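Participant: Take this sequence and fold it.
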Amino acid sequence: MLQLQKKKGHVKAECWAPGGGKEGQGPRKGKSKDTAAAAKEETSADFAWMANAEANVLEGLSPTTGMEPLSVDDYDEWYPEDCASTASSDSIPSLDTVSEDSKDTETDWPHVSNVPDSAEGNIEDVEGTAYTLTFEHALLAKESSAACKFEAEIYDSGASCHMFPYYHRFLNFQSITPKPIGAADNRTFKAIGKGDMYVDVPNGETTSRVLLTDVLYAPDMGVTLISISRIDASGSSILFKSGKCCLYNPVDDLVGKIPVVDGLYCVYHPKHIDYAGRVKDVLTVEELHRRMGHISYDAARHLVKEGLIIGVVLDDAPPTGPCAVCNAAKATRKPIWKEHEGERAAAVGGKVHSDVWGLSPVETLKGCRYYVSFTDDHSRWTVIYLMRTKDEVFHHYQSFEALMETQYGTKVKILHSDRGGEYLSTEFSNHLAKRDLSVGS
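Facilitator: Got it, this is the predicted structure:
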């Protein structure tokens with residue numbers, strides 16, 4: 001019998017309990033026995049599969065069966081026909097199909113056989129071959145080796161070509177269109193020519209002279225780079241052993257041994273002084289002094305002695321005297337006396353000092369920004385006249401002259417000034433000459 005619970009809104013038609021209108025349709029509080037059994041059966045099947053797979057793996061790894069590499073005969077076993085048939089020739093073309101149907105055009109990458117790999121190849125015609133992967137631009141630049149007394153020849157395994165900075169060493173120089181030489185930091189030098197040259201390779205206590213062909217001329221470089229790959233391409237061989245780079249000619253005769261210096265296989269030679277066509281200028285110390293911007297004589301001699309100036313031979317003749325240009329440039333105005341020196345004028349009017357002051361930053365009420373002063377040397381009495389412009393000096397001097405004559409009964413005998421333009425006008429000069437007046441400075 002259905003026992004209805006006394007809850008508001010609970011009716012028989014909506015009840016899930018046995019005897020209700022929706023019997024068995026309510027939510028279940030737990031899994032049924034059938035569901036739990038199915039889950040248990042599925043889990044047991046998973047464990048059984050994993051155990052079977054593990055047994056197969058262990059069997060395959062057992063020492064009795066061993067593991068053998070896949071051979072060509074096993075192709076049908078690993079790739080059955082039903083799987084192979086799913087890949088048609090239209091989906092993934094074979095290598096033979098690609099190589100036969102694809103034709104290289106002029107814009108494709110060049111074939112390896114087109115790039116010369118011997119010393120007889122034309123370096124100029126091969127793009128992108130002039131570079132070094134070992135050194136940065138700053139280490140190779142001529143400015144870095146200017147103060148060095150030696151020429152450095154570095155045997156570089158990262159250089160694609162021989163590179164040389166000195167024109168006079170080439171045997172058969174040929175100008176080329178400027179081409180870049182890339183450094184390790186992607187900065188470039190310019191190669192403007194090429195040719196053949198000899199290098200001296202140390203070989204124990206002696207040296208061997210070796211001819212390098214197709215050497216690029218890069219005047220902005222400061223060191224010589226000898227390409228290991230170009231030596232190898234010429235038929236010679238290289239062996240690095242016991243801190244030395246050993247060079248052998250094509251018949252395996254030892255040519256030289258280059259020792260390691262600071263981690264580089266490098267050879268140093270004394271610098272040649274006669275770079276500029278092997279012609280030297282003979283100069284006196286005075287001529288070199290003028291050419292070098294009027295440096296001191298001792299500094300000019302030191303530059304030549306230390307080899308910092310090339311192409312110059314210094315004449316031992318002593319200088320004839322001091323440099324007139326240097327004396328004029330170093331001339332200075334004598335200091336102005338702070339105190340009066342010598343005897344003063346014997347009477348009033350004997351000597352009068354005059355000077356102009358201005359331009360004043362502030363104007364007077366009448367617009368004056370200058371003044372001229374007249375000081376009697378005997379009495380130190382001073383008269384000042386204000387001026388709007390400096391051309392009023394002559395007018396005020398006439399006023400001062402009249403004052404001296406009318407009030408003191410004397411004439412000005414000597415007028416002392418700094419000989420500025422206001423005292424040198426034609427009118428002023430004619431007046432002084434007419435009065436037979438002496439002018440001092």
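
Participant: Which secondary structure state is assigned to residue 226?
Facilitator: Following DSSP: H, G, I helix; E, B strand; the rest coil, residue 226 is assigned to strand.

Participant: what's the neighbour count on the residue nearest to it when sequence neighbours are not counted?
Facilitator: Leaving aside its sequence neighbours, residue 226 sits nearest to residue 155 (C-beta to C-beta, 6 or more residues apart in numbering; 4.9 Å). For every residue, glycine as well, the C-beta is placed using N, CA and C. Per other C-beta atoms under 10 Å, the neighbour tally for residue 155 reads 22.

Participant: Residue 155 contacts residue 245, correct?
Facilitator: Yes: at 5.5 Å, residue 155 and residue 245 qualify as touching, with contact defined as C-beta atoms under 8 Å.

Participant: Could I get the full set of helices for this protein?
Facilitator: For the chain, the helices defined by DSSP state H cover 33-60, 75-78, 81-84, 95-101, 137-140, 228-233, 285-291, 297-305, 324-330, 393-407, 426-434.

Participant: gap between the two ends of stretch 294-311?
Facilitator: Stretch 294-311 has an end-to-end distance of 19 Å (C-alpha to C-alpha, to the nearest Å).

Participant: That one: which residues count as buried?
Facilitator: By neighbour count with 16 or more other C-beta atoms under 10 Å, stretch 294-311 contains the buried residues 300, 303-304, 309.

Participant: Kindly provide the whole-number mean pLDDT of it.
Facilitator: What stretch 294-311 shows for mean pLDDT is 84.

Participant: care to break the protein down by domain?
Facilitator: Per automatic domain parsing, the domain ranges recorded for the chain read 117-270, 281-328, 352-440.

Participant: Which one, of those, ends up nearest to residue 334?
Facilitator: The closest of these to residue 334 is domain 352-440. By C-beta to C-beta, the value is 13.3 Å.

Participant: The nearest residue to residue 268 once chain neighbours are set aside: how many residues sit nearby?
Facilitator: Closest residue in space to residue 268, ignoring its immediate chain neighbours: residue 150 at 4.2 Å, by C-beta to C-beta, 6+ apart. Using other C-beta under 10 Å, residue 150 has 12 other residues around it.

Participant: just checking, residue 150 touches residue 269?
Facilitator: Yes: in this structure residue 150 lies within contact range of residue 269 using C-beta under 8 Å: 6.3 Å.

Participant: where do the contact lists of those two overlap?
Facilitator: With contacts defined as C-beta atoms under 8 Å, 6 or more residues apart in numbering, no residue is shared by residue 150 and residue 269.

Participant: residues of stretch 257-265 that come out buried?
Facilitator: Judged by neighbour count (16+ other C-beta under 10 Å), stretch 257-265 contains these buried residues: 257-258, 264-265.

Participant: which of the residues you listed sit farthest apart?
Facilitator: Farthest pair in those (C-beta to C-beta) is 257 and 264. Separation: 14.6 Å.

Participant: ok, residue 157 - how many residues close by?
Facilitator: Using other C-beta under 10 Å: residue 157 sits among 16 other residues.

Participant: check contacts around it.
Facilitator: 134, 228-229.

Participant: Pipe the buried residues of stretch 294-311 into TSV and attach distance to residue 250 per row.
Facilitator: What follows is the buried residues of stretch 294-311, written out as TSV (distance: C-beta to C-beta, whole Å):
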residue	distance to residue 250
300	52
303	47
304	46
309	44
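
Participant: List just the nearest of these to residue 191.
Facilitator: Lowest distance from residue 191 to these (C-beta to C-beta) belongs to residue 309, with 27.6 Å.

Participant: Would you agree the closest one is in contact with residue 301?
Facilitator: No: contact criterion C-beta under 8 Å: residue 309 and residue 301 do not qualify, at 10.3 Å.

Participant: and residue 9, what pLDDT?
Facilitator: 63.

Participant: Now do residue 207: how many residues are near it, please.
Facilitator: The local packing of residue 207 (other C-beta under 10 Å) involves 13 other residues.

Participant: Specify the beta-bridge partners of residue 415.
Facilitator: Assessed by DSSP bridges, residue 415 has beta-bridge partners residue 352, residue 439.

Participant: Look up how far residue 372 lies from it.
Facilitator: 12 Å (C-beta to C-beta, to the nearest Å).

Participant: just residue 354 next, same as before
Facilitator: 7 Å.

Participant: hang on, the earlier thing: what is the nearest of the buried residues of stretch 294-311 to residue 190?
Facilitator: Looking across these and measuring by C-beta to C-beta, the closest to residue 190 is residue 309, at 25.7 Å.

Participant: Nearest spatial neighbour of the closest one, chain-adjacent residues omitted?
Facilitator: Nearest one to residue 309, counting by C-beta to C-beta, 6+ apart, is residue 303 at 4.7 Å.
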